[in-house]
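Participant: A structural model of the following input is requested.
(chains A, B, C, D, E and F)
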6 protein chains.
Amino acid sequence: MPYVNIRVTRDGVTAEQKQALIAGATQLLVDVLGKNPNTTVVVIEEVDTDNWGIGGESVTERRKRGE
Amino acid sequence: MPYVNIRVTRDGVTAEQKQALIAGATQLLVDVLGKNPNTTVVVIEEVDTDNWGIGGESVTERRKRGE
Amino acid sequence: MPYVNIRVTRDGVTAEQKQALIAGATQLLVDVLGKNPNTTVVVIEEVDTDNWGIGGESVTERRKRGE
Amino acid sequence: MPYVNIRVTRDGVTAEQKQALIAGATQLLVDVLGKNPNTTVVVIEEVDTDNWGIGGESVTERRKRGE
Amino acid sequence: MPYVNIRVTRDGVTAEQKQALIAGATQLLVDVLGKNPNTTVVVIEEVDTDNWGIGGESVTERRKRGE
Amino acid sequence: MPYVNIRVTRDGVTAEQKQALIAGATQLLVDVLGKNPNTTVVVIEEVDTDNWGIGGESVTERRKRGE
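Facilitator: Reported below is the predicted structural model:
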């Protein structure tokens, strides 16, 4: 029954990469805590770079400056 | 002041269904805990089937296999 | 597979009330969207009144003032 | 390392306003708790008015009625 | 900068298991998306079994019935 | 109606500091987006240092090493 939420910037994550995140996070819960994979839920959220900030600045602005 | 967050797969949920979820969740908090409906917030999130996984697999993949 | 998260202030919510919230939220998803109750997850979070603010003030402070 | 999540209705929030929210929330954590701004993350979520309810009604419906 | 949130029932998860979840989730983001581990955040939430429901019933109740 | 969620490590944040976070976050939404403070909600979550990871390591472990 675990629930895993993964938030990343929206940067062209492919369906294959999403599938790999889902499989990997589920296996992690099986390996570490012995959870049942059939009831383990993984939800991926993709966030626009305007909407994600770090260091007091949006990722959009940071990338413009080359960071 | 309660806050209810409902996450479902993005499957053509209509505005009427969303309204029914909002009304029902608000009434539930009134009925069970005596909360004030006027300050009860409900937020619905719709998640693409590529981004929702269960059993180590995305819902997109599961549906391809007929599950 | 829906996921419902209910946040309320920590005010002595009983196990029976929690059970009623879980049953009611699950039934709501069945009734409105035809979801499978067996894979519907409900998580209740109780938040200390010092940690919950509305109107720019913690609930603790509001209650001291009789609101 | 603090993490701030701001949810608002999707109402044409501009990139400049988002930048102001990110800068302001980060500075708040610096001022109040002495946190390191370089590891402070702010994520803004914009929610459709059909998907946000208060008082048992979606914001879309409330606005139709002039509230 | 990714952010991973893992929710599990409160069942005596040890500090070593938490460390394994943190390390594994971080490595997953490195492997699949090439993310920088130094800015990858993992937050684990442990939820009382009274507060976690599935199938319309709390985990506490399910366990009493031997499920 | 905005909703702000602030997550920090559990490090003895005082009621006064929590009140300052609530007041500051609410004012930020008023200043930047013209939101109504009376319906702006702020929820603060404090997370044990065992349960918060960055750089693949729990904050507990990082602090033991003097970081």
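Participant: From now on I want contacts and neighbour counts done on CA atoms only, so please keep to that.
Facilitator: Will do.
Participant: Run a quick neighbour tally on A:Ile44.
Facilitator: By other C-alpha atoms under 10 Å in any protein chain shown, 21 other residues sit near A:Ile44.
Participant: Flag every buried residue along the one helix or strand it maps to.
Facilitator: If you go by DSSP states H and E, A:Ile44 is part of strand A:41-47. For strand A:41-47, the neighbour count (16 or more other C-alpha atoms under 10 Å in any protein chain shown) marks A:Val41, A:Val42, A:Val43, A:Ile44, A:Glu45, A:Val47 as buried.
Participant: Identify, from the residues you listed, the entry nearest to E:Gly56.
Facilitator: Checking the buried residues of strand A:41-47 against E:Gly56 with C-alpha to C-alpha, the nearest one is A:Val41 at 16.9 Å.
Participant: which bits of chain A sit near chain C?
Facilitator: With the criterion set to C-alpha under 8 Å from any C-alpha of the partner chain, chain A comes near chain C through A:Thr39.
Participant: Return the residues of chain A in contact with chain B.
Facilitator: Near chain B, when you scan chain A using C-alpha under 8 Å from any C-alpha, you find A:15, A:18-19, A:22-27, A:37-45.
Participant: Quick one: buried ones out of those?
Facilitator: A:18-19, A:22-27, A:37, A:39-45.
Participant: picking that back up, can you list the buried residues of strand A:41-47 in JSON lines and add pLDDT?
Facilitator: Listed next are those as JSON lines, based on pLDDT from 0 to 100:
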{"residue": "A:Val41", "pLDDT": "97"}
{"residue": "A:Val42", "pLDDT": "98"}
{"residue": "A:Val43", "pLDDT": "98"}
{"residue": "A:Ile44", "pLDDT": "98"}
{"residue": "A:Glu45", "pLDDT": "98"}
{"residue": "A:Val47", "pLDDT": "98"}
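Participant: Could you dump the residues you listed into TSV with distance to D:Ile54 added?
Facilitator: Formatted as TSV, the buried residues of strand A:41-47 follow (distance: C-alpha to C-alpha, whole Å):
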residue	distance to D:Ile54
A:Val41	28
A:Val42	28
A:Val43	25
A:Ile44	26
A:Glu45	24
A:Val47	25
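Participant: Out of those, which is nearest to E:Gly55?
Facilitator: A:Val41 (14.5 Å).
Participant: Could you pull up the residues touching the residue in chain A that chain B sits nearest to?
Facilitator: Closest approach between chain A and chain B, counting by C-alpha to the nearest C-alpha: A:Asn38, at 3.9 Å. Shown in contact with A:Asn38 (C-alpha atoms under 8 Å, 6 or more residues apart in numbering or on different chains): B:Ile54, B:Gly55, B:Gly56.
Participant: what's the helix or strand for the closest residue to the last one other than its chain neighbours?
Facilitator: So that's B:Gly56. Spatially, and ignoring its direct neighbours in sequence, B:Gly56 is nearest to A:Ala23 (4.3 Å; C-alpha to C-alpha, 6 or more residues apart in numbering or on different chains). Using DSSP H and E, A:Ala23 sits in helix A:15-33.
Participant: Tell me which residue in chain A sits closest to chain C.
Facilitator: Taking C-alpha to the nearest C-alpha, chain A has A:Thr39 as its residue nearest chain C, at 7.4 Å.
Participant: Phi first, then psi, for that residue.
Facilitator: When read as degrees, to the nearest 10, the backbone of A:Thr39 gives phi -120, psi 20.
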